[in-house]
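Q: quick check, what structure comes out for this input:
(one chain, ligands or ions: 1)
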Amino acid sequence: MLKPIPIKDDLFYIGVNDRTKHLFENLWPLPKGVSYNSYLISDEKTALFDTVDICYSDIFFHKLEIALNGKSLDYVIINHMEPDHSGSLGLLRNRYPNVKVVGNKRTADMVQGFYGITDGVMVIDDGDQLSLGKHNLVFNLTPMVHWPETMMTYDTTDKIIFSGDAFGTFGTLDGGITDTQLHPERYYDEMIRYYSNVVGKFGSPVQKALEKLGSLDIKMICSTHGPVWTIDEQIKKVISIYDKLSRYDGDEGVVIAYGSMYGNTEQMAETVAYELAQQGIKEIILHNVSKRSHSYIIRDIFKYKGLIVGSPTYNNKLFPEVEYLLSKVEGRDMKHRYFGYFGSFTWAGAAVKRLAQFALDTKFEVIGEPVEMRQAMRHDTYDACISLGKAMADRLKQDR
Ligand SMILES: Cc1cc2nc3c(=O)[nH]c(=O)nc-3n(C[C@H](O)[C@H](O)[C@H](O)COP(=O)(O)O)c2cc1C
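A: Residues are numbered from 1 along each chain as shown. Below is the predicted model:
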């Protein structure tokens, strides 16, 4: 849409939709696209909140010009410097040479490094305020709620938090912008995938940020990706999703992520899953790591308490796609998972040993006995897989 969309009185949405990119950060699939959200408050002074990916700068500037309606642009507030939001900043400064770039001292360093901007930068600190006339803005520094410079800006007048990437989701905004105009359920799973893929490593900074936000009366969340949250119940819901994920708190259920070239290791996965179901576990997600993008496997590992990994031995190591998945889990400092594992080999096994090391490194609670299979499934391996499934189910049921 070429026009800015009024959200409320003097607040405009001037973000854009990206339905072209296949991979966010060149890593994470975007089957439903993604939006880059930017907002303008048009008060006595005007303030822009973040920009958009440079690929969409033309349409963005067009909207901004209309939203300004002849006024000058006074401030651009940089809540986050990642280029999907700051990408149009250099061009913005060329178009609006007098605009003040507002950020903390870490932002100022990045603004200089990425865009060569050194003048007209207003450096603010945690708790500093900026009046636009009717609207009063307070800056909340929330480092590592994704990058070190990350901050959130609170409008005390309308009780809006401009939250940067926090509470963001994958998925374009197809017509509707606010949660009143769309089905929020469409975005929840994509919010979990976004969090687990992009922000997942930063559980403790997210907890600190949530603590800070806890004292604020929030009537609207304007994130840089996905819907604008305005309904009280939805605001509580998205905050609770972030709270739960950043505590690494999973639901009852098990992800079984396995690699298999010729189907033998897969039979172990099927057997463990069968027993979990027999024991009354309803959420059992089998992921063939070669077929399913790691993005979705990581999402599910964040969702559920139980994780079982299986792998053949491959050139004296783990199957490469399983190794890659483990690195993604370790890279997110994943915590509090019940962990089971199994592996296979033909002449000299290495997979199970590596999975044992992974369990030690992550400090996951190991459940049941690991199962190691030579060549193909026989009765003893079958029984061992059943025992592993039962042990995991028993552990999960203890938490009911
Ligand atoms: C490329 C390749 C490399 C392998 N490397 C090893 C190995 O280093 N040690 C071993 O004992 N088995 C090795 N194997 C055999 C497999 O680990 C074994 O057959 C396993 O059961 C295969 O499981 P799958 O049927 O689920 O693919 C290798 C197999 C392939 C195809």
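
Q: who's in contact with the longest helix anywhere in the chain?
A: Ordering each helix of the chain by length in residues (DSSP state H) puts helix 379-398 first. Residues outside helix 379-398 that contact it (CB atoms under 8 Å, 6 or more residues apart in numbering): 252-254, 268, 271-276, 278-281, 305-306, 308, 338, 340, 342, 365, 367-371, 373. All C-beta atoms are positioned from the backbone trio N, CA, C, and that covers glycine.

Q: and stretch 113-126, which residues are buried?
A: Buried positions in stretch 113-126, judged by neighbour count with 16 or more other CB atoms under 10 Å: 115, 117, 121, 124.

Q: cool, stretch 27-40 as well?
A: 28, 29, 30, 33, 34, 35, 36, 37, 38, 39, 40.

Q: pick the one among those residues closest to the ligand.
A: Ranked by distance to the ligand (CB to the nearest ligand atom), these are led by residue 29 at 25.2 Å.

Q: ok, the closest one touching residue 22?
A: Yes. Between residue 29 and residue 22 a contact is recorded at 6.8 Å, counting by CB atoms under 8 Å.

Q: sort out for me which of the buried residues of stretch 27-40 are in strands.
A: Of the positions in these, 28, 29, 34, 35, 36, 39, 40 sit in strands, assigned by DSSP state E.

Q: widest-spaced pair of the residues you listed?
A: 29 and 40 (31.0 Å; CB to CB).

Q: quick one, helices of the stretch 151-300 of the chain?
A: Here the stretch 151-300 of the chain has its helices, by DSSP state H, counting those that start in this stretch, at 185-194, 203-213, 232-246, 264-278, 294-303.

Q: what packs against the second one?
A: Applying 3 or more CB pairs under 8 Å, 6 or more residues apart in numbering; DSSP states H and E, one finds that helix 203-213 contacts strand 136-141, helix 232-246.

Q: nearest to residue 216, of these?
A: Nearest to residue 216 among those is strand 136-141 (8.3 Å), distances taken as CB to CB.

Q: contact partners for residue 279?
A: So residue 279 contacts 389, 390, 393, 394, 397 (CB under 8 Å, 6+ apart).

Q: quick one: the residues you listed as a markdown table, columns for pLDDT too.
A: Output for the contacts of residue 279, formatted as a markdown table (pLDDT from 0 to 100):
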| residue | pLDDT |
| --- | --- |
| 389 | 98 |
| 390 | 98 |
| 393 | 98 |
| 394 | 98 |
| 397 | 98 |
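
Q: can I get the residues you listed in TSV including distance to the ligand and neighbour count?
A: Output for the contacts of residue 279, formatted as TSV (distance: CB to the nearest ligand atom, whole Å; neighbours: other CB atoms under 10 Å):
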residue	distance to the ligand	neighbour count
389	18	27
390	22	17
393	24	24
394	27	12
397	30	12
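
Q: which bits of the stretch 201-350 of the chain sit near the ligand?
A: 260-266, 312-316, 344-349 (CB under 6 Å from any ligand atom).

Q: can you give me the pLDDT of the nearest residue to residue 375 once chain neighbours are set aside?
A: For residue 375, ignoring the flanking residues on the chain, the nearest one in space by CB to CB, 6 or more residues apart in numbering is residue 346 at 5.4 Å. pLDDT for residue 346: 98.

Q: for residue 146, same thing?
A: Listed pLDDT for residue 146 reads 87.

Q: any idea how many residues pack against it?
A: Residue 146 has 22 neighbours, counted by other CB atoms under 10 Å.

Q: that one is in contact with residue 199, isn't it?
A: Yes. Contact criterion CB under 8 Å: residue 146 and residue 199 qualify, at 5.5 Å.

Q: which neighbours do those two have in common?
A: When CB under 8 Å, 6+ apart defines a contact, the residues bordering residue 146 and residue 199 alike are 165, 166.
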